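Colleague: The amino acid sequence is not available; the structure is as follows:
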């Protein structure tokens, strides 16, 4: 019976391993809850004290001292005390641990120890956040949730677009009502154009006007011209469109003032002007100058008009989505001033540290480091900010050019006709178009 039982046990073990591998590949969440989480939770509990000691997360209490007669007697020797950590709580993609900081500690110490926690706990990544004073939340992920981001339900709110998936497993949504203006940075083949295509296809079925500014001759945004109310393919046309939008913005101000309201969203439906989303591809082309007086004047006009739209347009239904391969202060002070008005930030892989710093540096230095770590193989992966001021790694859903063009053609009939933009392209007789 011995050999038979041994063979049976080996067969059962092999069967368990095969089934476990199938579950891990096809149902990773199930595998994590049944196998991965218990093992990792034990690892966290057994290694926490040592990891805290090796990475300067512990503090040492001075020994007690007692005066006996003329003698000073010391008590117990110094003992390092690790910070108090909660029991690991399972999530769909990993686990979280809440840590109470010692007096005088800051979250920066834990951010430096993130890599050590990754190795000690054998996880894919550990993110450090501070939800409240004196508390640090350690979020550990068993794998990269952005390798196969799942599709979530599309938002139904006006001016909301389902872009992709967050590293936490939630939906990545750009809500222009909550964050009216966005800055998107990314090198060639980093996923920036795919994200813009995804944004346009998500806004196409909505009752909004889309305006494109693509100074590369319209090579990118021209594909979606069927759903665009206007498209500028050079800087001269961009100045005309932006000027017309600023004039329309003043008309919207007058309508709100006459009705005694502070935004167009407080106006009755029949009086509310249609929201306009201005998508600018390659912002550097609007600021670069060849040194001639005309070129400098156009660049200054673009800078001033964009800044006015960003400062005043949010309550008036005028929204900016500005994208570029390179965004730096070397383009002029106007870029820095515009950046300050663009509350939403998305940074893909970039070619220079200055662009990542310009995009995320004024919000969170740790986000800059994470953005610079994005590799060329991680197309579509970006660091994005949320309406709560936090940041997260995210990945946009792949929207092919053919799919995006097909959807924009499908909803071409919904393209609003903005007469003030049509007249902006009208040229006197005899002038070149």
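Modeller: That came through fine. All of these numbers come straight from a predicted model, not from anything done at the bench. Numbering: from 1, shown residues only.

Colleague: quick one, phi psi at the residue nearest the centre of the chain?
Modeller: Nearest to the geometric centre of the chain sits residue 384, at 1.2 Å (Cα atoms, centre = their mean). Dihedral angles of residue 384 (phi, psi; degrees, to the nearest 10) stand at phi -130, psi 150.

Colleague: now it: how far from residue 82?
Modeller: Distance, residue 384 to residue 82, using Cβ to Cβ, to the nearest Å: 34 Å. Every C-beta, even on glycine, is put in place using the N, C-alpha and C of the backbone.

Colleague: Also residue 380?
Modeller: Residue 380 sits 39 Å away from residue 82, going by Cβ to Cβ.

Colleague: These two: which is more packed in?
Modeller: Legend: neighbour count by other Cβ atoms under 10 Å for residue 380 and residue 82, higher for residue 380 (24 against 16).

Colleague: Skipping adjacent residues, who's closest to the more buried one in space?
Modeller: residue 191 (3.7 Å; Cβ to Cβ, 6 or more residues apart in numbering).

Colleague: Equivalent analysis for residue 243, please.
Modeller: residue 305 (6.3 Å).

Colleague: who touches the helix or strand that neighbour falls within?
Modeller: Using DSSP states H and E, residue 305 falls within helix 293-312. With Cβ atoms under 8 Å, 6 or more residues apart in numbering as the test, helix 293-312 has contacts from 181, 235-236, 238-239, 242-243, 245-246, 249, 253, 278, 280, 286-289, 318, 320, 322, 332, 334-335, 337-338, 341-342.

Colleague: Those residues in helices, which ones?
Modeller: 235-236, 238-239, 242-243, 245-246, 249, 253, 286-287, 334-335, 337-338, 341 (DSSP state H).

Colleague: Now which of these would you call buried?
Modeller: 235, 238-239, 242, 245-246, 249, 286-287, 334-335, 338, 341 (16 or more other Cβ atoms under 10 Å).

Colleague: Tell me, how many residues neighbour the residue nearest to residue 380?
Modeller: Residue 191: 24 surrounding residues under other Cβ under 10 Å.

Colleague: Got the confidence number for it?
Modeller: Residue 191 is assigned a pLDDT of 89 by the prediction.

Colleague: follow-up on the earlier one: give me the neighbour count for the residue nearest to residue 243.
Modeller: Residue 305: 19 neighbours (other Cβ under 10 Å).

Colleague: how far away is it from residue 239?
Modeller: 7 Å.

Colleague: which residues does the residue nearest to residue 111 when sequence neighbours are not counted contact?
Modeller: Once flanking residues are discounted, residue 111 sits nearest to residue 128: 4.7 Å by Cβ to Cβ, 6+ apart. Contacts for residue 128 (Cβ under 8 Å, 6+ apart) come out as 107, 110-111, 114, 136-139, 366.
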